[in-house]
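Asker: Give me the fold of what follows.
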Amino acid sequence: MQRHAVRRGVYLVCLLLLTGALATVAVVSRRPKAPAPGQGLPSIRSALPEGSARSYDFTVLHAVLYEDGPTTVPARESFVRRLRLLESVLESESLGRIRISPVLSLVHVSELGDDRLDYSTRSVYGWITDLEEYYAGKGLSYDILIFTPPSQDYAPWCTDGPSIGYSHHDRKYLCLETFLNPSNQEEDGPAVALTIHKILHGFGYHHVSRENRPTRLLEWNIGLPNTEVVPFTNFGDRHRMIFDPHIMRVLGLLPRSAIEQRCPDHDGFVCAGAGGYVCQNSYDVSCLDSDQDGIGDGEDDYPFTPYGSSGQPDTDRDGIPDLLDLCAGEAIQVHTNLEPGKSRAIVDQDRVTVRIEPGTMVRGVEICGATSIDGLVRFRKADTRRVDGNQLALDAKSLPAITRLLIRYESSQGAFARPFYLYKRPQQIEYVQEKEWFYFSRFGCDIPGGVDFSNPATYDADLDGLPDAARFRFARGITDRYDWDADGVPDLVDNLPAVHGTCQDGSVKGVPDSDQDGLCDPALFAYSEEPGDDEGDLTIRFMEDPSSDACPYVFGLGERGCP
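Answerer: The predicted structure is shown next:
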């Protein structure tokens, strides 16, 4: 998974709600107004569909908290400088769709009833409600409130919400970390990028590509340096979009598919509140069509390959069409009282029963519920319990949003493990362990015994992104004719073997050209031996690619595909 260094150490993540239903929908926007004249980029705007030029105007209140002392008085000019850059970047990078009116407010901590400035005196929710009450008393209105200490000397800060923008009473609140030193002008770019990053969190854009592991796995082009909302975006040449394609579609800068027209954010920045503070993802799995077959991922039994919806048979019903299945024929079969699926089931009963046949081969089932740790879904070994035999009975009320069953069995071919997932409705994500899926499940194969995902030598010794043919017989079927994503580029040379794309240049083959301007999306990376956040993470190292599109989601004929 991609890492963004924060002082080379802090990984920015987002909070993923694992339980709870969708609550009411709140839209925060101002009356749309036409772009002001003289703002440039006429070729882009003239190409937009009629009625898509919606713009949003927000008042951003930046509250700098401080206490008495010679080194703690805020340097007002530093924050003014950053707010001006924030205003400029938001408008220019959104091509005029988002404009802000920034307001700076210096608040002595005593006005909030504290003796000294310490984040731990209250939770992030306490900060939000206290600041809301404080500014209500001042009669100061705002759409977005940023609160931060005066310098980096107050770490740790934002300790219970390191990368979240919160939604409360139709306003957005975000806490900024103190590693961004306001007196250091070189950190202005990262500070502004992080601010925008968290503002979008407040509108419910919670790392679709990180929450939704298969999508993160498949669309590596989303999240490469300088192409997503990241804390270290390079603003030097002013040519790099900091919004991912989902935000671009919301802003009317990219066309929507028919599936996307049904998304919860079809009317703009929408936040489906949950618990009053955290928004569910405004661009969730129901809006995605990873294989571009016209069936949304949430409904598609073959969500990652278009072969499944093209009439190709799937004899063993494992979710991999025979054309791609290198391990055809199931040694075991999973039956459940729930809505059937190939590798998953939707929990719609009070009692969940699972039966695995033939039971004589099953050596046990490991049951583990998903947990949100540091904002990402985890299946922790400490939370895993093992059940002997081939039958399960589970109380649906006690299940989290996602439960992973790992079925261990033996056959004449050896020992294997098969994952199976139980999902509650409404689910915001589809989850797989990345290494499991990428190296075995996508080929229709169960995980052989002896595979240790924390040790690449046991499955991908040469780090080429394919299972080792010398170790696994099925991998010999990945020939120069094997094309998993049906894009005409064999997996052996496809830089994105599970993402349909026909673009190629001197560096990459088989990748998308999202904005269709002739330059390939960034897709140059190398597999890495470094461990992931857990053993299931597919760790990759991103490489600089001077041939790639620096603005991959906006049509441009300028330098490196930018407007």
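
Asker: Leaving out chain neighbours, which residue sits closest to Pro156?
Answerer: Nearest non-adjacent residue to Pro156, counting by CB to CB, 6 or more residues apart in numbering: Tyr119, 7.0 Å away. For every residue, glycine as well, the C-beta is placed using N, CA and C.

Asker: and that neighbour, what does it touch?
Answerer: By CB atoms under 8 Å, 6 or more residues apart in numbering, Tyr119 lies in contact with Trp127, Pro149, Tyr154, Pro156, Trp157, Cys158, Thr159.

Asker: State the phi and psi torsions of it.
Answerer: phi -60, psi -30 (degrees, to the nearest 10).

Asker: how close does it get to Cys175?
Answerer: Tyr119 sits 8 Å away from Cys175, taking CB to CB, to the nearest Å as the criterion.

Asker: list the residues that contact both of these two?
Answerer: Trp127, Trp157, Cys158.

Asker: Just name the closest of these to Val489, please.
Answerer: Nearest to Val489, judged by CB to CB, of those is Cys158 at 43.3 Å.

Asker: my read: that closest one touches Glu177, true?
Answerer: Yes: the pair Cys158 / Glu177 is scored as a contact, 5.2 Å apart, by CB atoms under 8 Å.

Asker: what do these two both touch?
Answerer: With CB under 8 Å, 6+ apart as the test, Cys158 and Glu177 reach no residue in common.

Asker: Helices of this structure, start to end?
Answerer: 42-46, 76-93, 124-138, 188-202, 208-211, 213-218, 245-250, 434-439 (DSSP state H).

Asker: Kindly reformat those helices as TSV containing mean pLDDT, mean neighbour count and distance to Pro303.
Answerer: Listed next are those as TSV, based on pLDDT from 0 to 100; neighbours: other CB atoms under 10 Å; distance: least, CB to CB, whole Å:
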stretch	mean pLDDT	mean neighbour count	distance to Pro303
helix 42-46	29	12	32
helix 76-93	91	18	31
helix 124-138	95	16	35
helix 188-202	84	24	25
helix 208-211	51	23	14
helix 213-218	53	22	7
helix 245-250	79	24	17
helix 434-439	89	22	11
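
Asker: so which of these gets nearest Ile407?
Answerer: Per CB to CB, nearest to Ile407 of those: helix 434-439, 12.5 Å.

Asker: Thr336 touches Val352, doesn't it?
Answerer: Yes: at 7.0 Å, Thr336 and Val352 qualify as touching, with contact defined as CB under 8 Å.

Asker: can the helices of the chain go into CSV with extra columns for distance to Tyr553?
Answerer: Below are the helices of the chain laid out as CSV (distance: least, CB to CB, whole Å):
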stretch, distance to Tyr553
helix 42-46, 12
helix 76-93, 11
helix 124-138, 31
helix 188-202, 15
helix 208-211, 13
helix 213-218, 15
helix 245-250, 5
helix 434-439, 24
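
Asker: In this structure Arg351 contacts Leu394, no?
Answerer: Yes: between Arg351 and Leu394 there is a contact under CB under 8 Å: 7.4 Å.

Asker: So which of the two has more stuff around it?
Answerer: Neighbour tally, Arg351 and Leu394, criterion other CB atoms under 10 Å: the higher count belongs to Leu394, 18 against 12.

Asker: I'd say the more buried one and Gln349 touch.
Answerer: No: counting by CB under 8 Å, Leu394 does not reach Gln349; the two are 9.9 Å apart.

Asker: Which neighbours do these two have in common?
Answerer: Counting by CB under 8 Å, 6+ apart, Leu394 and Gln349 have no common neighbour.

Asker: Cys327: neighbour count?
Answerer: Count around Cys327 with other CB under 10 Å applied: 21.

Asker: Grab the nearest non-local neighbour of it.
Answerer: Nearest to Cys327 is Cys445, by CB to CB, 6+ apart, at 3.8 Å.

Asker: Out of the shared contacts of Tyr119 and Cys175, which comes closest to Leu90?
Answerer: Nearest member of the shared contacts of Tyr119 and Cys175 to Leu90, counting by CB to CB, is Cys158, at 21.1 Å.

Asker: Please tell me how far the closest one sits from Arg473.
Answerer: For Cys158, the distance to Arg473 - CB to CB - is 50 Å.

Asker: more crowded one of those two?
Answerer: Per other CB under 10 Å, whichever of Cys158 and Arg473 has more neighbours is Cys158, with 21 against 13.

Asker: which ones are touching the more buried one?
Answerer: Counting by CB under 8 Å, 6+ apart, Cys158 has contacts Tyr119, Val124, Cys175, Leu176, Glu177.

Asker: Can you tell me which of these is nearest Arg418?
Answerer: For the contacts of Cys158, the nearest to Arg418 is Val124 (40.5 Å; CB to CB).

Asker: quick one, what contacts the closest one?
Answerer: Here Val124 is in contact with Cys158, Asp160, Gly161, Ile164, Tyr166, Cys175 (CB under 8 Å, 6+ apart).

Asker: Going by distance to Asp316, which of those residues wins?
Answerer: Nearest member of the contacts of Val124 to Asp316, counting by CB to CB, is Ile164, at 42.5 Å.

Asker: related to what we said a few turns ago, common neighbours of Thr336 and Val352, please.
Answerer: Joint contacts of Thr336 and Val352 (CB under 8 Å, 6+ apart) are Ala345.

Asker: what about the strands in the stretch 351-500 of the chain?
Answerer: In the stretch 351-500 of the chain, the strands defined using DSSP state E, counting those that start in this stretch lie at 351-357, 362-369, 371-373, 376-378, 385-387, 391-395, 402-411, 414-424, 447-448.

Asker: any idea how far the second one is from the chain center?
Answerer: Its chain's C-alpha centre lies 28 Å from the corresponding centre of strand 362-369 when counted by CA atoms, centre = their mean, to the nearest Å.

Asker: Check the burial of the nearest residue to Leu83 once chain neighbours are set aside by counting its neighbours.
Answerer: Spatial nearest neighbour of Leu83, chain neighbours left out: Pro102 (4.0 Å); criterion: CB to CB, 6+ apart. When neighbours are counted by other CB under 10 Å, Pro102 registers 21.
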